[in-house]
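**Q** I'll drop the sequence and a predicted model, then ask my questions.
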Amino acid sequence: MECRICGEYGTVSRFSVRETRDEIFVCDECDTGWLHADLNNDFAFDLGEYLTSKGLPIDMGQLDLVEFDPPLEPGK
Ligand SMILES: [Zn+2]
């Protein structure tokens, strides 16, 4: 789905964090992340800060792609 932060430029895909197996949604343009597929801006975070908070290096290699450009799941 389209990123709500950088608009038409970014594609948000579903990833699994290799170390924690947590699933997150990350924009490939602005590195904004979300915990839910509704992309609620109230719950958006910076990918670098997220990885740091988990004690992980800031590296896309920490993430395994689960689903490229999944559909938005509105309203949770
Ligand atoms: Zn973006």
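**A** It's in. Here the structure is a predicted model, which is why all the values come from computation and not from measurement.

**Q** so what touches stretch 3-19?
**A** Contacts to stretch 3-19, defined as Cβ atoms under 8 Å, 6 or more residues apart in numbering, come from residues 1-2, 22-30, 32, 34, 37, 39, 41, 44, 51, 54, 56, 62-70. C-beta: built from backbone N, CA, C; applies to glycine.

**Q** touching, L63 and E23? I think so.
**A** No - using Cβ atoms under 8 Å, L63 is not in contact with E23, being 10.0 Å away.

**Q** the more surrounded of these two?
**A** For L63 versus E23, neighbours defined as other Cβ atoms under 10 Å are more numerous around L63 (21 against 15).

**Q** how far away is that one from the ion?
**A** With distances taken as Cβ to the ion, to the nearest Å, L63 is found 15 Å from the ion.

**Q** how about the nearest residue to that residue, chain neighbours excluded?
**A** Closest residue in space to L63, ignoring its immediate chain neighbours: F15 at 4.0 Å, by Cβ to Cβ, 6 or more residues apart in numbering.

**Q** now T20
**A** K54 (6.1 Å).

**Q** do you know how far the one you found is from E23?
**A** Remark: distance between K54 and E23 (Cβ to Cβ, to the nearest Å) = 13 Å.

**Q** now do F43
**A** Counting by Cβ to Cβ - F43 and E23 are separated by 14 Å.

**Q** strands along the protein, start to end?
**A** In chain order, the chain shows strands spanning 2-3, 7-17, 23-27, 32-34, 45-46, 63-67, with DSSP state E as the criterion.

**Q** redo these as TSV? Include mean pLDDT.
**A** Below are the strands of the chain laid out as TSV (pLDDT from 0 to 100):
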stretch	mean pLDDT
strand 2-3	94
strand 7-17	95
strand 23-27	97
strand 32-34	97
strand 45-46	97
strand 63-67	98
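
**Q** how about those in a markdown table, adding distance to P74?
**A** Converted to a markdown table, these look like this (distance: least, Cβ to Cβ, whole Å):
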| stretch | distance to P74 |
| --- | --- |
| strand 2-3 | 13 |
| strand 7-17 | 13 |
| strand 23-27 | 13 |
| strand 32-34 | 13 |
| strand 45-46 | 19 |
| strand 63-67 | 17 |
